[in-house]
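# Give me a 3D structure for the following:
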Amino acid sequence: GVQTCALPISKQSTANGELLLEASENGWWYSAPQPDGSFIVTYLTDADLLPEGGRRALEQEWSRALASTIYTAARVESLRESNDGEVLRTTRADSGALFPACGEGWLAIGDAAMAWDPLSGSGFARALKSGIESAARVQEALNGGALSVDNAGRVETYLERKQSYYRVET
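Below you'll find the predicted structure:
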């Protein structure tokens with residue numbers, strides 16, 4: 001599964017205020033300003049590529065992987081100068097789907113129904129679409145219709161798209 005290692009940077013910085021994506025040997029980097037003026041720097045990699053050995057080993061791997069980048073390393077260096085307390089966090093970011101995605105009196109919506117790889121960049125749009133579609137399904141069920149969701153078709157389409165995106169990066 002995919003694992004994210006995120007470093008929130010608390011102070012506002014002079015770094016470019018744009019989203020930055022950068023591919024690296026074993027994953028990809030995402031850094032962006034946050035609404036409160038802080039920055040988030042995230043490294044996404046396969047969970048089996050992260051070292052065992054606790055926090056120290058993870059921090060060393062983060063630093064090694066960061067040093068192999070061009071643009072992200074420069075951005076983080078400028079941000080570190082203004083950061084009072086780095087806190088490296090790890091989080092799973094696996095793809096997944098719930099089968100079945102609905103039952104008697106319940107319906108899974110958004111990431112509860114199907115979570116996509118963060119590289120897809122469509123999480124927010126998907127959440128909105130899922131909410132709108134789910135509201136229509138619930139209304140149909142309240143009017144006597146059957147509550148159903150075709151997660152299998154969505155998963156197949158998603159996996160095909162995911163594979164094509166990952167093939168782009170050589």
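
# My guess is L21 contacts G27. True?
No: using CB atoms under 8 Å, L21 makes no contact with G27, being 11.3 Å away. C-beta here means a position set from N, CA and C on the backbone, and glycine is covered the same way.

# Who has more neighbours out of those two?
Using other CB atoms under 10 Å as the criterion, L21 and G27 rank with G27 on top: 20 against 14.

# which residues touch that one?
Taking CB atoms under 8 Å, 6 or more residues apart in numbering, we find G27 in contact with Y43, L44, T45, D46, L49, A65.

# From these, keep the buried residues only.
Y43, L44, T45, A65 (16 or more other CB atoms under 10 Å).

# pLDDT score for the residue located most distally from the centre of the chain?
In the chain, G144 marks the outermost C-alpha relative to the chain mean, sitting 37.3 Å out by CA atoms, centre = their mean. Per-residue pLDDT puts G144 at 91.

# Look at it and give its secondary structure.
With DSSP: H, G, I helix; E, B strand; the rest coil as the basis, the three-state label of G144 is coil.

# sorry, back to before: so which of the contacts of G27 is the closest to W116?
W116 lies nearest to L44 out of the contacts of G27, by CB to CB, at 12.6 Å.

# and the residue nearest to the spatial centre of the chain, how far is that from S164?
With distances taken as CA atoms, centre = their mean, the residue of the chain nearest its centroid is P118 (3.2 Å). As for P118, its distance to S164 is 16 Å (criterion: CB to CB, to the nearest Å).

# Distance from whatever helix or strand E77 lives in to the middle of the chain?
E77 is part of helix 71-80 when elements are defined by DSSP states H and E. Chain-centre distance of helix 71-80: 21 Å, with CA atoms, centre = their mean, to the nearest Å.

# what comes up buried for that helix?
Buried positions in helix 71-80, judged by neighbour count with 16+ other CB under 10 Å: T72, A73, R75, V76, L79.

# How is the residue lying closest to the fourth one once chain neighbours are set aside assigned, secondary-structure-wise?
Spelled out, it's V76. Once flanking residues are discounted, V76 sits nearest to V41: 5.6 Å by CB to CB, 6 or more residues apart in numbering. Secondary structure, three-state DSSP: V41 is strand.
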